[in-house]
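1. Got a predicted model here, sequence first, then my questions.
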Amino acid sequence: MTDFEDTLVVVPVGALGAGIDPEHVEAGLAQGAHAIALDAGSTDSGPSCLATGISKYSREAVKSDLRVLMAARAQYGVPLLIGTCGTAGGDAGVAWTLDIAREVASELGQSPKIATLHSELTREQLLARLEAGQISPLAPLGPLDAATVERCEHIVALMGPEPYIAALQDGADIVLGGRTTDTAVIAAVPLMRGAGAGAAWHAGKISECGGLCTVDPTDGGVLIKVGREAFEVWPLSAQNRCDVYSVSSHMLYENSDPFILTEPGGVLDVTQAQYAPIGERGVRVTGSQFLPRPYTMKLEGAALGPFQTLMWVGIADPAVLAVVDGFVATLHAALVERVRKVMGLAPETFDISLRPYGWNAVSGLPTAEGTAPPREIGLMFVATAETQDLATRIARTCNPYFFHFPVRRGKELPSYGFPFSPAEVERGRAYDFVLNHVVATQDGLELVRRDMIDSKTPEIA
Amino acid sequence: MAQLKDVARYVRSKAAGPFWITVDIFFPSREVFDSSKDAPELATTAIERALRLEPGSAKRVDVPDLAVIKYAYPRRHAQGGAFERDMHGGQQFVPLLELEI
């Protein structure tokens, strides 16, 4: 499959900021790649990134990767496409990434044309769409109501490839996108250059996490070669390889259905896909289909939740560890009762959660009968309330009990191993993902704002 | 009879978006997949019991070419709220390891 129509895309890593080896990028570009494409976000880290606009990775980590990619991009004269900037892909994440990109451009003495794509929606925009009957729910949520929209702090719609293609046709060297499907940002250049839609979307899905579809996921990203009817996947690292299993099993990853993937404007169907090795290191895939559907964009929305304050003790006393469940239950009842009596709080206005790490904190499910006592546990206390101040006062009201609760009444008071002074940690707010809906649009551009920034021009403050 | 952890090559769980968890059971070969896939303890209803899910909430897809059984089910609460214990859902497979199949 080396006919002239193939489009080669370097996907250097699963997420901008996770660490990119310049040699790997160079290896991909030296083979004649037409673009570098990757994504910079995910919902995996929870709703806080969307609600606050703060990236899960540090500025230094993102800058380090951007520097590698922008230097390589300029050297080879190919476009760089980055989706879901700043982890959540809201306007704040795009602006943050643009600021870093301008700084890198200035340090490298470059002046690339940078396009930004915004798909953040206001509550008013979404309410108007709701009113117009353009919002449909995805399982397990039901129909959207206005009250849920009003709760949203930030709302984003997942872009498809069209805005990226439009930005490149506008002459962009670098495209910094807001929230986008992982697949779309990688499929954009192949689709623009006339590759087959099934092959382009499937190649995007397989390479969305960089090297996760290779035999050694810790060793660099991949190069995809997308043609009309087929695509190939190759590792960027000379030491790594792809095999049929590593590539085809990636369709299982983070998906509820390994054969059917709904994307903006269609459905990727890989039921008939065939995977075949190319030599020792590459894989060729045929038979992928993309079935066009009326255009929809998935929505994500994050709402403000309550505040939390934490305390923590380590317990190694065998007398407690022999009866962890009973101890935790009795302590919990005593703490709730103390807060109720001392602070006069109604039970529905606060929550105290005790999570014995080393016993069953992760699952929260009862431990099988006959489970041997642990050597020690870390017992986390979480107070949840409407304000940080209230959560902290709840923690301080519980302070003596939590640190000195006897395993049996009438015994000397113990002291459990608490590590911090002050003993409580204000962890801030919790947030909630509240949307799992799609919005129907005319096309992939209607809801997207597109800007072109000439990085030579200093930003006007 | 053997436990799933001794029959499967690898069992994992992971968030599939903020509202779903997916569990993949990888068998070491097509033969082991074929001889295990109809075990009563791997039926969707049995998995729902083991993970304490709402009856009827889990779905199962078999991928014979990969010798994999895949399940997906909605989270009790959306990912990352005040009462989250496993952000990525990456530890949710553990109760399945000791299923007798």
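-> Yep, it's here.
2. Distance-wise, check A:Thr7 relative to chain B.
-> Separation of A:Thr7 from chain B (C-beta to the nearest C-beta, to the nearest Å): 27 Å. All C-beta atoms are positioned from the backbone trio N, CA, C, and that covers glycine.
3. what sits against the closest residue to that residue other than its chain neighbours?
-> Leaving aside its sequence neighbours, A:Thr7 sits nearest to A:Pro190 (C-beta to C-beta, 6 or more residues apart in numbering or on different chains; 4.1 Å). A:Pro190 makes contacts with A:7, A:9, A:199-200, A:203, A:224, A:226, A:231, as judged by C-beta atoms under 8 Å, 6 or more residues apart in numbering or on different chains.
4. In those, find the pair that's most separated.
-> Largest separation among those by C-beta to C-beta: A:Val9 and A:Ala199, giving 11.8 Å.
5. Now for the two: what residues contact both?
-> Here A:Val9 and A:Ala199 share the contacting residues A:190, A:226, scored by C-beta under 8 Å, 6+ apart.
6. Settle this for me: A:Arg144 is touching A:Arg129, isn't it.
-> That one is not Arg; residue A:144 is Leu. No: shown here, A:Leu144 and A:Arg129 do not form a contact pair, counting by C-beta atoms under 8 Å, at 9.3 Å.
7. Quick check: neighbours shared by these two?
-> With C-beta under 8 Å, 6+ apart, A:Leu144 and A:Arg129 have common neighbours A:Ile135.
8. Quick one: neighbours of B:Ser35, just the number.
-> 13 (other C-beta atoms under 10 Å in any protein chain shown).
9. Now it, what are its backbone angles?
-> For B:Ser35, the backbone dihedrals are phi -80, psi -10 (criterion: degrees, to the nearest 10).
10. Close to chain B: what parts of the stretch 1-150 of chain A are there?
-> With C-beta under 8 Å from any C-beta of the partner chain as the criterion, the stretch 1-150 of chain A comes near chain B at residues A:43-48, A:138-141.
11. Which secondary structure state does the closest residue to chain A within chain B sit in?
-> Of all residues in chain B, B:Gly80 sits closest to chain A, at 2.8 Å by C-beta to the nearest C-beta. Look at B:Gly80: counting by DSSP: H, G, I helix; E, B strand; the rest coil, its state is coil.
12. hang on, isn't it packed against A:Pro47?
-> Yes: contact criterion C-beta under 8 Å: B:Gly80 and A:Pro47 qualify, at 4.7 Å.
13. Please enumerate the shared neighbours of these two.
-> Here B:Gly80 and A:Pro47 have A:431-433, B:18 as joint contacts, going by C-beta under 8 Å, 6+ apart.
14. any chance you could read off phi and psi for whichever residue of the stretch 51-200 of chain A sits closest to chain B?
-> Closest contact between the stretch 51-200 of chain A and chain B, by C-beta to the nearest C-beta, is at A:Pro140 (3.8 Å). For A:Pro140, the backbone dihedrals are phi -90, psi 10 (criterion: degrees, to the nearest 10).
15. Which positions in chain B make contact with chain A?
-> Within chain B, the positions adjacent to chain A are B:14-20, B:22, B:24, B:26, B:52, B:57, B:59, B:61, B:63, B:65-66, B:68, B:70, B:72, B:74, B:78-88, B:91-92, B:94-95 by C-beta under 8 Å from any C-beta.
16. on that earlier part again, of the shared contacts of B:Gly80 and A:Pro47, just say which sits nearest to A:Gly28.
-> B:Pro18 (32.2 Å).
17. from the shared contacts of B:Gly80 and A:Pro47, which ones fall inside strands?
-> Of the shared contacts of B:Gly80 and A:Pro47, the ones assigned to strands by DSSP state E are A:431-433.
18. Kindly reformat the residues you listed as CSV containing neighbour count.
-> Formatted as CSV, these follow (neighbours: other C-beta atoms under 10 Å in any protein chain shown):
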residue, neighbour count
A:Tyr431, 24
A:Asp432, 24
A:Phe433, 25
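19. B:Trp48 falls within a strand, correct?
-> Wrong residue type there; residue B:48 is Glu, not Trp. No: applying three-state DSSP, one finds B:Glu48 to be helix, outside a strand.
20. quick one, helices of chain B?
-> B:4-7, B:30-36, B:44-50 (DSSP state H).
21. sorry, back to before: would you mind putting the ones in strands among the shared contacts of B:Gly80 and A:Pro47 into CSV with pLDDT alongside?
-> Putting these into CSV (pLDDT from 0 to 100) gives the following:
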residue, pLDDT
A:Tyr431, 98
A:Asp432, 98
A:Phe433, 98
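22. Check those residues one by one and keep those near chain B.
-> Residues of these in contact with chain B (C-beta under 8 Å from any C-beta): A:431-433.
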